[in-house]
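**Q** This is a predicted model, with the sequence first.
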Amino acid sequence: MSSSTPDVSIVIGAYQAMPYLRHCLASVEAQTLGAGRIEIIAVDDGSTDGTGEYLDEFAARSAVRTRVVHQPNSGGPSGPRNVGLGLARGRYVFFLDADDYFGEEALERMVAMGDRAGTDVVLGKITGVDRGAAKSMWKQTVEHADIYFSQVKFTLSAQKLFRRELLVRLGMTFDEKLRTGEDALFTMEAYLRGNGVSVVADYPCYYLVGRDDGKHVTKSGSYELRFDSARALMDLIAEYVPPGPERDALMVRPFVITLLPQFGPGLLKQSATVRRRKMELAAPLMERYWTRGLALRLKVQERLRLICVAKGRTDLLLDLLRFMKEGRQPEIVRGRRPARLFLAYPHFGEGPALPESAYRMTVAEWVGGRRIEPPATMRSSLIGRALRKAGRTVRGVTPAHGARRT
């Protein structure tokens, strides 16, 4: 084997990964980038199902340079990924889950994009296999995606191509204290501190596999772990992005994807003790990071639920959740001014606890099976105001910021 520096170090943390590991490793061998330009660092995290033995067999016979590390179970994906990252020698690093697999041209296309654009993170299109996968960020291939006002902030899993020089220079590792959301924290830091993000959307680079046994790390753990994850991501965003439209745009991710599900219809079945504890955990996050600019970027029912949380009004929140669980649709109300539409969820027009402005449509909504756009004059005014505050011009894509803000 050649001792030259590989283009890509593929880090695979593997725990009880059979039989999925076979397809995973076969997809690495099939890469059009070529075996001589790839290395694998596989970390067997205390498996007892033959995962470790299969990795050793693969390393002995494969043309792809493969190093296998065996260690006691660490309890999560961060430890194995950090071990693999510490051993990586490639120009780029890709964190491949042992359940998943590549499209044949994935690494060739992503490396070419990173080299051409000079970016530190490259996103390859993800396709779900027997499970869902995010879709909004794969509409077009771009060399420099806007991390604030595009959809890339909604894909923060670790399955990306990272320039290793960035990770080494910043001393970046996965936070092993977090039991969920550690990949979101790692990826967001690379977005914010790196030299830009590219998107390869015209080829299915990564296949995200739904296991037959349903064992996915993201589904495990208590609700308190989700608050830990939300807090860590919000704190990171606040550290590197000053208050304003850009911070608000990024904060949509932890508020809607991590925090808000804790206050969904499932709360109706939970005890008063759990409800009270969730409100206690959310209170400092709402006080610290909830802003009007963030609220305007949300759908009405999202905004209303979070306002209830911010005000500590569990009673109003439960009324909203019952309305949602019953599948009822809010009436569309035109305001006194023609340029305003409201969605009449529970307690609309009843008083200051949930003011009329909280029910105003500011983003597109689906109501009764129809997509409803907010009035164009209002929407353009909101967007224009945000962009002017950020000192931006209206473009399809703009370069992401890489330097730390002070």
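**A** Sure thing, it's come through. Treat the numbers as computed from the prediction; the structure is a model and nothing was measured.
**Q** what residue ranges in the stretch 51-200 of the chain are flagged as low confidence?
**A** In the predicted model, the stretch 51-200 of the chain carries no residue with pLDDT under 70.
**Q** ranges for the helices of it?
**A** For the stretch 51-200 of the chain, the helices defined by DSSP state H, counting those that start in this stretch cover 51-61, 78-87, 106-117, 164-170, 182-193.
**Q** Just name the most buried of these.
**A** helix 182-193 (a mean of 23; mean count of other CB atoms under 10 Å). All C-beta spots, glycine's among them, are computed from the backbone N, C-alpha and C.
**Q** name the helices or strands packed onto that one?
**A** strand 121-129, helix 164-170, helix 223-240, helix 245-253 (3 or more CB pairs under 8 Å, 6 or more residues apart in numbering; DSSP states H and E).
**Q** sorry, back to before: any chance of the helices of the stretch 51-200 of the chain in CSV, plus distance to residue 234?
**A** Shown next, in CSV, are the helices of the stretch 51-200 of the chain (distance: least, CB to CB, whole Å):
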stretch, distance to residue 234
helix 51-61, 36
helix 78-87, 19
helix 106-117, 29
helix 164-170, 20
helix 182-193, 10
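**Q** of all these, which lies closest to residue 376?
**A** helix 182-193 (30.7 Å; CB to CB).
**Q** Give me the angle between that closest one and strand 121-129.
**A** Orientation check (axes from the mean of the first three to the mean of the last three CA atoms, to 10 degrees): helix 182-193 against strand 121-129 gives 150 degrees.
**Q** Now do the buried residues in stretch 230-239.
**A** Going by neighbour count (16 or more other CB atoms under 10 Å), the buried part of stretch 230-239 is 230, 231, 232, 233, 234, 236, 237.
**Q** which one of these is nearest residue 284?
**A** Taking CB to CB as the measure, residue 284 sits nearest to residue 231 out of the buried residues of stretch 230-239, at 8.1 Å.
**Q** The residue most central in space within the chain - nearest residue in space that isn't next to it in sequence?
**A** Taking CA atoms, centre = their mean as the criterion, residue 156 is the residue nearest the geometric centre of the chain, at 2.9 Å. The shortest distance from residue 156 to any non-neighbouring residue, by CB to CB, 6 or more residues apart in numbering, is to residue 184 (3.8 Å).
**Q** same question, residue 260
**A** That would be residue 302: by CB to CB, 6+ apart, it lies 6.0 Å from residue 260.
**Q** do the same with residue 175
**A** Using CB to CB, 6+ apart, the closest residue to residue 175 is residue 182 (5.1 Å).
**Q** The one you found and residue 174 touch, don't they?
**A** Yes. With contact defined as CB atoms under 8 Å, residue 182 reaches residue 174; the gap is 4.9 Å.
**Q** overlap in contacts of the two?
**A** Common neighbours of residue 182 and residue 174 (criterion: CB atoms under 8 Å, 6 or more residues apart in numbering): 77, 78.
**Q** residues near residue 101, how many?
**A** By the criterion of other CB atoms under 10 Å, residue 101 has 24 neighbours.
**Q** what do you get for residue 205?
**A** Using other CB under 10 Å, residue 205 is surrounded by 27 other residues.
**Q** That one reaches residue 104, doesn't it?
**A** No. Contact criterion CB under 8 Å: residue 205 and residue 104 do not qualify, at 9.8 Å.
**Q** quick revisit: would you tell me which of the helices of the stretch 51-200 of the chain gets closest to residue 67?
**A** Using CB to CB as the measure, helix 78-87 is the one of those that comes nearest residue 67, at 6.3 Å.
**Q** related to what we said a few turns ago, how far away is the residue nearest to residue 156 from residue 228?
**A** 12 Å (CB to CB, to the nearest Å).
**Q** Likewise for residue 55?
**A** 31 Å.
**Q** repeat for residue 165
**A** 30 Å.
**Q** What of residue 129?
**A** On the measure of CB to CB, residue 129 and residue 228 end up 30 Å apart.
**Q** out of the two, which sits in the busier spot?
**A** Neighbour comparison, residue 129 and residue 228: the larger count goes to residue 228, with 19 against 13 (by other CB under 10 Å).
**Q** my read: that one touches residue 175, true?
**A** No. Using CB under 8 Å, residue 228 is not in contact with residue 175; the gap is 9.8 Å.
**Q** buried sites along the strand ranked longest in the chain?
**A** Longest strand of the chain, by residue count under DSSP state E: strand 197-209. In terms of neighbour count (16+ other CB under 10 Å), strand 197-209 has its buried residues at 197, 198, 199, 200, 201, 204, 205, 206, 207, 208, 209.
**Q** Contact partners for the second one?
**A** This means residue 198. 113, 114, 117, 119, 121, 122, 123, 142, 143, 144, 145.
**Q** Run through the bridge partners of it.
**A** Counting by DSSP bridges, residue 198 forms beta bridges with residue 122.
**Q** Where do the strands of this structure begin and end?
**A** 8-14, 38-45, 65-71, 92-95, 101-102, 121-129, 161-163, 197-209, 331-334, 341-344, 365-367, 370-372.
**Q** can you tell me how far the closest residue to residue 20 other than its chain neighbours sits from residue 21?
**A** Excluding the flanking residues, the one nearest residue 20 by CB to CB, 6+ apart is residue 99, at 4.4 Å. To residue 21, residue 99 is 8 Å away according to CB to CB.
**Q** again with residue 263
**A** 38 Å.
**Q** now residue 124
**A** Remark: distance between residue 124 and residue 21 (CB to CB) = 20 Å.
**Q** Read off the pLDDT value for residue 213.
**A** Predicted confidence (pLDDT) at residue 213: the value is 73.
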